[in-house]
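Peer 1: Fold the following for me, if possible:
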Amino acid sequence: MIDAVVVAAGSGNRMRAEIKKQYMTIGEEMLFIHTVRVFDLHPQIRSIVLVVSPGDEEFVTGVLRTYNWKKQIRVVAGGQTRQESVFYGLQALDEGSEYVAIHDGARPFLSQTILTNVIHKVYEYHAVAVAVPVKDTIAVVDDGKIQSVPERSTLWSVQTPQAFQTALIRKAHAAAVQDLFSGTDDASLVRRLGHEVHIQIGGYSNMKLTTPEDLVIAQLVLQERQKEERFYEFNPHRDRI
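Peer 2: Numbers count the residues shown, from 1 in each chain. The predicted structure is shown next:
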(Lines give C-alpha, C1' and ligand atoms only; values in the text may rest on other atoms or scores of the structure.)
Protein backbone atom coordinates (compact mmCIF):
# COMPACT_ATOMS: atom_id res chain seq x y z
CA MET A 1 0.00 0.00 0.00
CA ILE A 2 1.05 3.57 -0.62
CA ASP A 3 -0.03 6.92 0.82
CA ALA A 4 -0.65 10.14 -1.09
CA VAL A 5 0.25 13.76 -0.42
CA VAL A 6 -1.81 16.15 -2.56
CA VAL A 7 -0.45 19.71 -2.50
CA ALA A 8 -3.17 22.34 -2.97
CA ALA A 9 -1.68 25.27 -1.08
CA GLY A 10 -0.73 27.60 -3.93
CA SER A 11 -1.93 31.16 -4.36
CA GLY A 12 -2.70 30.75 -8.07
CA ASN A 13 -1.61 34.28 -8.99
CA ARG A 14 -1.11 33.39 -12.65
CA MET A 15 -4.77 32.37 -12.89
CA ARG A 16 -5.69 36.04 -12.41
CA ALA A 17 -8.84 35.14 -10.49
CA GLU A 18 -10.43 36.44 -7.30
CA ILE A 19 -10.34 33.00 -5.69
CA LYS A 20 -7.49 30.50 -5.41
CA LYS A 21 -7.41 28.17 -8.39
CA GLN A 22 -7.82 25.01 -6.29
CA TYR A 23 -11.28 26.29 -5.31
CA MET A 24 -12.38 27.16 -8.84
CA THR A 25 -14.92 24.81 -10.37
CA ILE A 26 -14.46 22.48 -13.30
CA GLY A 27 -17.81 21.09 -14.31
CA GLU A 28 -19.73 21.27 -11.06
CA GLU A 29 -16.93 20.56 -8.59
CA MET A 30 -13.92 22.36 -7.18
CA LEU A 31 -10.60 21.59 -8.78
CA PHE A 32 -9.09 19.96 -5.71
CA ILE A 33 -12.06 17.59 -5.39
CA HIS A 34 -11.36 16.15 -8.86
CA THR A 35 -7.72 15.60 -7.87
CA VAL A 36 -8.40 14.01 -4.49
CA ARG A 37 -10.94 11.65 -6.07
CA VAL A 38 -8.27 10.11 -8.32
CA PHE A 39 -6.41 8.86 -5.25
CA ASP A 40 -9.52 8.02 -3.25
CA LEU A 41 -10.68 5.62 -5.98
CA HIS A 42 -7.38 3.78 -6.39
CA PRO A 43 -7.36 0.46 -4.49
CA GLN A 44 -3.67 0.65 -3.54
CA ILE A 45 -3.84 4.10 -1.94
CA ARG A 46 -4.06 3.72 1.84
CA SER A 47 -4.60 7.33 2.97
CA ILE A 48 -4.45 10.89 1.66
CA VAL A 49 -2.88 14.00 3.15
CA LEU A 50 -4.27 17.17 1.57
CA VAL A 51 -2.03 20.19 2.07
CA VAL A 52 -3.86 23.54 1.86
CA SER A 53 -3.06 27.20 2.40
CA PRO A 54 -2.74 28.16 6.09
CA GLY A 55 -6.11 29.34 7.31
CA ASP A 56 -8.06 27.29 4.75
CA GLU A 57 -8.15 24.07 6.77
CA GLU A 58 -11.65 24.56 8.19
CA PHE A 59 -13.13 25.57 4.83
CA VAL A 60 -11.59 22.62 2.97
CA THR A 61 -12.60 20.18 5.70
CA GLY A 62 -16.17 21.42 5.41
CA VAL A 63 -16.19 20.88 1.65
CA LEU A 64 -14.75 17.37 2.04
CA ARG A 65 -17.49 16.45 4.51
CA THR A 66 -20.11 16.87 1.79
CA TYR A 67 -18.69 13.80 0.00
CA ASN A 68 -18.50 10.12 0.85
CA TRP A 69 -14.82 9.19 0.67
CA LYS A 70 -13.40 5.69 0.78
CA LYS A 71 -10.06 6.70 2.29
CA GLN A 72 -8.96 8.67 5.32
CA ILE A 73 -8.19 12.26 4.28
CA ARG A 74 -6.12 14.42 6.59
CA VAL A 75 -6.07 18.19 5.95
CA VAL A 76 -2.93 20.06 7.00
CA ALA A 77 -1.61 23.59 6.51
CA GLY A 78 1.17 24.17 4.02
CA GLY A 79 4.02 26.66 3.98
CA GLN A 80 5.29 29.61 2.00
CA THR A 81 6.62 27.46 -0.86
CA ARG A 82 5.60 24.22 -2.51
CA GLN A 83 8.69 22.52 -1.11
CA GLU A 84 7.79 23.58 2.40
CA SER A 85 4.18 22.44 1.88
CA VAL A 86 5.34 18.99 0.78
CA PHE A 87 7.59 18.83 3.84
CA TYR A 88 4.61 19.47 6.12
CA GLY A 89 2.55 16.91 4.21
CA LEU A 90 5.22 14.26 4.70
CA GLN A 91 5.33 14.99 8.43
CA ALA A 92 1.58 14.30 8.61
CA LEU A 93 1.91 10.77 7.27
CA ASP A 94 1.58 7.87 9.68
CA GLU A 95 4.90 6.56 10.98
CA GLY A 96 4.13 3.24 9.28
CA SER A 97 4.09 4.80 5.82
CA GLU A 98 6.44 2.92 3.46
CA TYR A 99 5.79 4.67 0.13
CA VAL A 100 4.23 7.99 -0.82
CA ALA A 101 2.97 9.55 -4.04
CA ILE A 102 3.24 13.35 -4.12
CA HIS A 103 0.88 15.10 -6.53
CA ASP A 104 -0.02 18.65 -7.53
CA GLY A 105 -3.56 19.54 -6.53
CA ALA A 106 -3.85 21.46 -9.80
CA ARG A 107 -3.45 18.29 -11.91
CA PRO A 108 -6.99 16.86 -11.79
CA PHE A 109 -6.77 14.55 -14.81
CA LEU A 110 -4.26 11.95 -13.65
CA SER A 111 -5.46 8.60 -14.94
CA GLN A 112 -5.81 5.48 -12.83
CA THR A 113 -3.56 3.65 -15.29
CA ILE A 114 -0.67 6.09 -14.88
CA LEU A 115 -1.08 6.04 -11.10
CA THR A 116 -1.01 2.24 -11.10
CA ASN A 117 2.15 2.21 -13.21
CA VAL A 118 3.83 4.69 -10.86
CA ILE A 119 2.94 2.58 -7.83
CA HIS A 120 4.31 -0.61 -9.37
CA LYS A 121 7.54 1.12 -10.41
CA VAL A 122 8.19 2.83 -7.07
CA TYR A 123 8.03 -0.53 -5.30
CA GLU A 124 10.95 -1.60 -7.50
CA TYR A 125 13.07 1.56 -7.76
CA HIS A 126 12.04 3.64 -4.70
CA ALA A 127 12.03 6.92 -6.67
CA VAL A 128 9.82 7.58 -9.72
CA ALA A 129 8.65 10.71 -11.55
CA VAL A 130 5.98 10.95 -14.22
CA ALA A 131 7.10 12.72 -17.40
CA VAL A 132 6.24 13.10 -21.09
CA PRO A 133 8.50 13.84 -24.08
CA VAL A 134 8.41 17.50 -25.09
CA LYS A 135 6.62 18.25 -28.35
CA ASP A 136 8.24 21.57 -29.21
CA THR A 137 11.79 22.53 -30.04
CA ILE A 138 13.44 23.92 -26.91
CA ALA A 139 16.04 26.68 -27.21
CA VAL A 140 18.54 27.96 -24.66
CA VAL A 141 18.29 31.76 -24.84
CA ASP A 142 20.56 34.43 -23.43
CA ASP A 143 20.26 38.18 -23.96
CA GLY A 144 17.39 37.63 -26.38
CA LYS A 145 19.40 35.34 -28.67
CA ILE A 146 19.34 31.56 -29.15
CA GLN A 147 22.53 30.06 -27.78
CA SER A 148 21.83 26.39 -28.36
CA VAL A 149 19.07 23.92 -29.20
CA PRO A 150 19.26 20.67 -27.19
CA GLU A 151 18.36 17.42 -28.89
CA ARG A 152 14.60 17.11 -28.42
CA SER A 153 14.68 13.33 -27.94
CA THR A 154 16.53 13.84 -24.64
CA LEU A 155 14.07 16.40 -23.24
CA TRP A 156 11.10 15.43 -21.09
CA SER A 157 8.50 17.54 -19.31
CA VAL A 158 8.31 16.35 -15.71
CA GLN A 159 4.87 16.06 -14.11
CA THR A 160 3.46 14.58 -10.94
CA PRO A 161 2.84 12.27 -9.23
CA GLN A 162 6.36 11.66 -8.05
CA ALA A 163 6.54 8.63 -5.79
CA PHE A 164 9.21 7.61 -3.32
CA GLN A 165 10.06 5.35 -0.46
CA THR A 166 8.81 7.49 2.42
CA ALA A 167 12.03 7.29 4.42
CA LEU A 168 14.02 8.39 1.36
CA ILE A 169 11.93 11.47 0.51
CA ARG A 170 11.78 12.50 4.17
CA LYS A 171 15.58 12.28 4.32
CA ALA A 172 15.84 14.34 1.11
CA HIS A 173 13.58 17.08 2.45
CA ALA A 174 15.33 17.15 5.82
CA ALA A 175 18.69 17.58 4.07
CA ALA A 176 17.27 20.42 1.96
CA VAL A 177 16.00 22.20 5.08
CA GLN A 178 19.35 21.81 6.82
CA ASP A 179 21.29 23.12 3.80
CA LEU A 180 18.76 25.86 2.90
CA PHE A 181 18.47 24.25 -0.53
CA SER A 182 15.51 24.97 -2.81
CA GLY A 183 14.89 22.37 -5.51
CA THR A 184 12.82 22.46 -8.66
CA ASP A 185 10.72 19.51 -7.46
CA ASP A 186 10.84 16.57 -5.08
CA ALA A 187 12.83 14.45 -7.53
CA SER A 188 15.61 17.05 -7.54
CA LEU A 189 15.93 16.72 -3.76
CA VAL A 190 16.28 12.94 -4.04
CA ARG A 191 18.79 13.20 -6.89
CA ARG A 192 20.80 15.59 -4.72
CA LEU A 193 21.35 12.68 -2.32
CA GLY A 194 22.84 10.66 -5.17
CA HIS A 195 19.76 8.46 -5.66
CA GLU A 196 18.51 7.75 -9.18
CA VAL A 197 14.98 8.79 -10.12
CA HIS A 198 13.29 6.64 -12.76
CA ILE A 199 10.79 7.95 -15.31
CA GLN A 200 7.26 6.68 -15.80
CA ILE A 201 5.62 7.85 -19.00
CA GLY A 202 2.66 10.07 -18.18
CA GLY A 203 0.02 11.68 -20.36
CA TYR A 204 -0.41 15.07 -21.96
CA SER A 205 -3.87 15.41 -20.40
CA ASN A 206 -2.20 15.23 -16.97
CA MET A 207 -1.74 18.98 -17.27
CA LYS A 208 -1.21 21.46 -14.47
CA LEU A 209 -3.86 24.18 -14.52
CA THR A 210 -1.99 27.45 -14.18
CA THR A 211 -3.50 30.12 -16.47
CA PRO A 212 -7.06 31.06 -17.53
CA GLU A 213 -6.41 29.38 -20.89
CA ASP A 214 -5.78 26.09 -19.07
CA LEU A 215 -9.30 26.21 -17.64
CA VAL A 216 -10.79 26.24 -21.14
CA ILE A 217 -8.81 23.13 -22.05
CA ALA A 218 -9.73 21.52 -18.72
CA GLN A 219 -13.45 21.86 -19.44
CA LEU A 220 -12.95 20.05 -22.75
CA VAL A 221 -10.89 17.28 -21.14
CA LEU A 222 -13.55 16.82 -18.45
CA GLN A 223 -16.30 16.56 -21.05
CA GLU A 224 -14.37 13.86 -22.91
CA ARG A 225 -13.73 11.96 -19.66
CA GLN A 226 -17.43 12.06 -18.80
CA LYS A 227 -18.36 10.78 -22.27
CA GLU A 228 -15.95 7.89 -21.82
CA GLU A 229 -17.34 7.03 -18.39
CA ARG A 230 -20.90 6.99 -19.74
CA PHE A 231 -19.78 4.78 -22.63
CA TYR A 232 -18.30 2.16 -20.33
CA GLU A 233 -21.34 2.27 -18.03
CA PHE A 234 -23.43 0.98 -20.94
CA ASN A 235 -20.67 -1.25 -22.32
CA PRO A 236 -19.17 -2.82 -19.20
CA HIS A 237 -17.40 -5.62 -21.09
CA ARG A 238 -15.63 -3.30 -23.54
CA ASP A 239 -11.89 -3.11 -22.93
CA ARG A 240 -10.50 0.27 -22.02
CA ILE A 241 -7.70 1.61 -24.20
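
Peer 1: pLDDT-wise, which helix or strand of the chain ranks last?
Peer 2: The helix or strand with the lowest mean pLDDT-type score in the chain, counting by mean pLDDT, DSSP states H and E, is helix 212-234 (a mean of 74).

Peer 1: just checking, what packs against the longest strand seen in the chain?
Peer 2: Using DSSP state E to define each element, the chain has its longest strand at strand 156-165. Where contact means 3 or more CB pairs under 8 Å, 6 or more residues apart in numbering; DSSP states H and E, strand 156-165 is packed against strand 99-104, helix 112-125, strand 127-133, helix 186-192. Every residue, glycine included, has its C-beta placed from N, CA and C.

Peer 1: Out of these, which is closest to Thr211?
Peer 2: Closest approach to Thr211 among those (CB to CB): strand 99-104, 14.6 Å.

Peer 1: Other residues contacting that closest one?
Peer 2: For strand 99-104, the surrounding residues in contact (CB atoms under 8 Å, 6 or more residues apart in numbering) are 1-7, 35, 38-39, 45, 86, 89-90, 93, 110, 115, 118-119, 122-123, 160-166, 169, 186, 208.

Peer 1: Is it possible to mark the buried ones in those residues?
Peer 2: The neighbour count (16 or more other CB atoms under 10 Å) marks 2-7, 35, 38-39, 45, 86, 89-90, 93, 110, 115, 118-119, 122, 160-166, 169, 186 as buried among these.

Peer 1: From Gln223, how far off is the residue nearest the centre of the chain?
Peer 2: Centroid check for the chain by CA atoms, centre = their mean gives His103 as the closest residue, at 2.1 Å. Separation of His103 from Gln223 (CB to CB, to the nearest Å): 23 Å.

Peer 1: now Asp186
Peer 2: In this view, Asp186 and Gln223 are 32 Å apart by CB to CB.

Peer 1: Strand 99-104 and whatever helix or strand Gly89 lives in, what's the angle between them?
Peer 2: Element membership for Gly89, per DSSP states H and E: helix 82-91. Helix 82-91 and strand 99-104 are oriented at 140 degrees to each other (axes from the mean of the first three to the mean of the last three CA atoms, to 10 degrees).

Peer 1: other SSEs contacting helix 82-91?
Peer 2: Contacts defined by 3+ CB pairs under 8 Å, 6+ apart place helix 82-91 against strand 2-8, strand 45-52, strand 72-77, strand 99-104, helix 166-179, helix 186-192.

Peer 1: Now tabulate the ones you listed in CSV and tack on distance to Trp156.
Peer 2: Listed next are those as CSV, based on distance: least, CB to CB, whole Å:
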stretch, distance to Trp156
strand 2-8, 21
strand 45-52, 25
strand 72-77, 31
strand 99-104, 17
helix 166-179, 20
helix 186-192, 11
